[in-house]
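**Q** fold the following and give me the result.
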Amino acid sequence: MGGNASGFCSLEILISHRLLRLGPFQARIDTPFVPERDRETPCIVEHSVAGSSSGVVISYTVRREVPRAGILTMNLLLNRFVCAYLRHFPVTEGKSLLLRATRAHIRPREAIQVSPTKHAFSMRLNLDNPEHERIYFYGEHDERYEIALLRKLIGPGMVCWDIGANIGFFTCLFSSLAGPGGKVVSFEPLSATREMLRENLALNRMSNVDVLPLAIGAEDGKARIYFHDVRRGEGTASLHPADERSNSEEIAVARIDTLAARLPAPDFVKIDVEGAQDEVWRGGARFFREQAPLVMAELRESADPVKLEALQKRIRGHDYRIFEVLKGRRVREIPDFLNSRKRNFMLAKPGTEAMRQLQGLVA
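**A** This is a model prediction of the structure:
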C-alpha cells in the first residue's frame, strides 16, 4: 500500500497461473482515507504467497506506514476483490490458496452477515458455519456442478419440493428459477433453522414458497432431531443420533404418501436428509411408484454398504435410473452408486420428460 500527502492509498494484487498460461491477472485499487479516523497509530502490512502444485502464484502487498484506519479500509477493498475473483474468475485452481492467504484480513468481524449470491438472491448467513462462510465468499453452495445443472433443468412454472431445506439456499434458487408461475414446497423440521429459512425468503420477497415444519420419514408421528449448535444453521442435523450431535428437539414427521394428495405434484424433488434417505423412500413408496418427478438425492450418506445397497435396490424398484452429475452441465448414467465417489445423484424414470432431459445431457 502506498500513500501520498493528500491521504490516498493503493492496493496492488497479482495473480497468475503458470501451468495454465493465464495471467498475470492484476488489480490496483485506490481509495481515500477518512481524515477523522486517520489519527490512530500507523502500521505496515505486507503479505505475499507464491507457488502451489498447480503452478499458481498469488501475491498481494499492502505497504508503507499508514494509519490503522487506512489498513481497515484496504481490508474492505481486498474483501471485495477476493469475493469478486472467487465468484467470477473462470479458473478454479488457486482460489482456495487465495482465500487461505487473505481470510484473516477480509473475514468480517461480525459472524451474522447478509450477502448477495451469484444467483440473484441474498442470504442471511452465520460465518461461524463453514458452509455459510463458503457461500459468503464464493456466492454459492459448494455443489457448483449440481447448481449449474439445476439452472438448466428447472424453469418457469415448475413445482419443486425441497426436502431438507436448511436455511434455504436451494429453496431460494428453486424459487427464482420457477418464477411467480411456479411453486416451491420447502420442508425444514428444526425450528431455529426454519426461522432462518423464513428470514431468507422474506429478505428476497419470495412469495411462491410454502414452508412446512416437517421431517419426511417412513412413518407419521413424532421424533427427535439431533444437532450440535442450533445457532449456526447447521446442515448436519439428523434423525439419527451421533457423538457430534449433543442436542435434540422433538419434531413432527410425515410420510410423502400422507402429504402427496394435498400438495402440488412436483416436477422436481431434492432430498438431503442426513442419513434418512431410506426412510424417505419407504414413506413415499406409493408416490414414487405412481409419480415420476426428476429427483436429486444425496445417496451416499451412510458408511454401511448393506444399507446403501438396500437403498439402491429400493430406488431401482421404483424404476428410477441413476446419474452422476459432471462438470459442464453433463451427466453420466451409472449401474451402481456404491462405486461412485460423487455425493449427489440425479434420478429419472424411462419414458418421462425428466429422462429425456438427462439423456440430452449425457457426456
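**Q** only C-alpha atoms for contact and neighbour calcs from this point on.
**A** OK.
**Q** what number of residues lie near residue 231?
**A** When counting by other Cα atoms under 10 Å, one arrives at 12 neighbours for residue 231.
**Q** wait, it touches residue 190, no?
**A** No: Residue 231 is beyond contact range of residue 190, at 11.1 Å (criterion: Cα atoms under 8 Å).
**Q** now do the helices in the stretch 1-150 of the chain.
**A** Assigned by DSSP state H, counting those that start in this stretch, the helices in the stretch 1-150 of the chain fall at 68-88, 95-106, 130-138, 144-153.
**Q** of these, which is nearest residue 215?
**A** helix 130-138 (21.4 Å; Cα to Cα).
**Q** need the residues that contact that closest one.
**A** Contact with helix 130-138 is made by 82-83, 86-87, 115-117, 125-127, 140-142, as judged by Cα atoms under 8 Å, 6 or more residues apart in numbering.
**Q** any quick ChimeraX command for the buried ones out of the residues you listed?
**A** Per 16 or more other Cα atoms under 10 Å, the buried members of the contacts of helix 130-138 correspond to this ChimeraX selection:
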select :82,83,86,87,116,117,125,126,127,140,141
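**Q** pick the one among the contacts of helix 130-138 closest to residue 227.
**A** The nearest one, if we look at the contacts of helix 130-138 relative to residue 227 and count by Cα to Cα, is residue 126, at 16.0 Å.
**Q** okay, the nearest residue to the closest one once chain neighbours are set aside: pLDDT?
**A** Leaving out its chain neighbours, the residue that sits closest to residue 126 by Cα to Cα, 6 or more residues apart in numbering is residue 112, at 4.6 Å. Here, the pLDDT recorded for residue 112 equals 94.
**Q** for residue 112, what are its contacts?
**A** So residue 112 contacts 124-127 (Cα under 8 Å, 6+ apart).
**Q** helix or strand: which one has the nearest residue to residue 318 once chain neighbours are set aside?
**A** Of all residues not flanking residue 318 in the chain, residue 289 sits nearest, at 5.3 Å (Cα to Cα, 6+ apart). Using DSSP states H and E, residue 289 sits within helix 285-290.
**Q** so which bits of that helix are buried?
**A** Residues of helix 285-290 classed as buried by neighbour count (16+ other Cα under 10 Å): 285, 287-288.
**Q** show me what contacts the nearest residue to residue 342 once chain neighbours are set aside?
**A** Take residue 342 and drop its neighbours on the chain: the residue closest to it by Cα to Cα, 6+ apart is residue 324, 6.8 Å away. Residue 324 makes contacts with 331-334, 342, 344-346, as judged by Cα under 8 Å, 6+ apart.
**Q** what pLDDT is listed against residue 324?
**A** At residue 324, pLDDT is 98.
**Q** alpha carbons of the helix or strand containing it, as CSV, please.
**A** Residue 324 belongs to strand 321-326 when elements are defined using DSSP H and E. C-alpha atoms of strand 321-326 as CSV (Å, rounded to 0.1, in the frame of the first residue of the first chain):
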residue,chain,number,x,y,z
ARG,A,321,-32.2,-44.8,-13.2
ILE,A,322,-29.2,-43.2,-11.5
PHE,A,323,-26.9,-40.5,-13.0
GLU,A,324,-23.7,-38.9,-11.7
VAL,A,325,-23.5,-35.1,-12.0
LEU,A,326,-20.5,-33.9,-14.0
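**Q** quick one: strands adjacent to that strand?
**A** Strands that pair with strand 321-326, judged by DSSP bridges, come out as strand 330-334 (antiparallel), strand 344-348 (antiparallel).
**Q** what's the angle from the last one to helix 144-153?
**A** Calculated by axes from the mean of the first three to the mean of the last three Cα atoms, to 10 degrees, strand 344-348 forms an angle of 30 degrees with helix 144-153.
**Q** tell me the buried residues in strand 344-348?
**A** 344-348.
**Q** check which element follows it along the chain.
**A** Per DSSP H and E, the first helix or strand lying C-terminal to strand 344-348 is helix 353-359.
**Q** which elements pack onto that following helix?
**A** Under the contact definition 3 or more Cα pairs under 8 Å, 6 or more residues apart in numbering; DSSP states H and E, helix 353-359 sits against strand 344-348.
**Q** centre of the chain to the strand it packs on, how far?
**A** Chain-centre distance of strand 344-348: 17 Å, with Cα atoms, centre = their mean, to the nearest Å.
**Q** which one is residue 140 nearest to, not counting chain neighbours?
**A** Closest to residue 140 by Cα to Cα, 6+ apart is residue 117, at 5.9 Å.
**Q** nearest to residue 211 among the buried residues of helix 285-290?
**A** Using Cα to Cα, the buried residues of helix 285-290 come closest to residue 211 at residue 287, 20.2 Å.
**Q** against residue 281, how distant is the closest one?
**A** Distance, residue 287 to residue 281, by Cα to Cα, to the nearest Å: 9 Å.
**Q** likewise for residue 119?
**A** 30 Å.
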